[in-house]
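Q: Got a predicted structure plus its sequence, pasted below:
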Amino acid sequence: MAGEKDLQTLLKSMKPELNSGEYVFCEIKNAKNINLEEIVMMFQENEGVTLILKREIADKLKLDYSFIASWITLTVHSSLEAVGLTAAFSKALADNDISCNVVAGFYHDHIFVDQKDAEKAMLILNTFSE
């Protein structure tokens, strides 16, 4: 099933959903001892492996982190070829002094914002569908 590409349709139907829990970004050198079922995302960079996972898992694994985030999922099935969606919502958040870290999955876009900004971010994101 192909994802949506039309920007106006995406914005009106993105329906953000706030996932429960606290999420952190961690860096490790080697992922061979990591249980993939316990992580949200893993990305290999030249410097090491970035993990996004629940804070309690990072604490259990004694991983360092400095940013505690809330995770918002845009529930619309967006195409990886869609143009402008990330720019539109990230600008709206930036205009309200909210930093966002975006991950595109095959079906959905995922936004990680500082915990203190989660409720405000949800209000801003929901304005697109009004």
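A: Looks like it came in fine. Numbering: from 1, shown residues only.

Q: Mind giving me the packing neighbours of whichever strand or helix holds Leu11?
A: Using DSSP states H and E, Leu11 falls within helix 7-13. The contact analysis (3 or more Cβ pairs under 8 Å, 6 or more residues apart in numbering; DSSP states H and E) places helix 7-13 against helix 85-94. Any C-beta I mention is one placed from the backbone N, CA and C, and that applies to glycine too.

Q: what sits up against the helix holding Leu11?
A: Contact with helix 7-13 is made by 4, 76, 78, 82-85, 88-89, 128-129, as judged by Cβ atoms under 8 Å, 6 or more residues apart in numbering.

Q: Let me know the closest of those to Glu17.
A: Val76 (10.5 Å; Cβ to Cβ).

Q: so how many other residues sit close to the closest one?
A: 21 (other Cβ atoms under 10 Å).

Q: cool, Asn96 as well?
A: By other Cβ under 10 Å, neighbour count at Asn96 equals 12.
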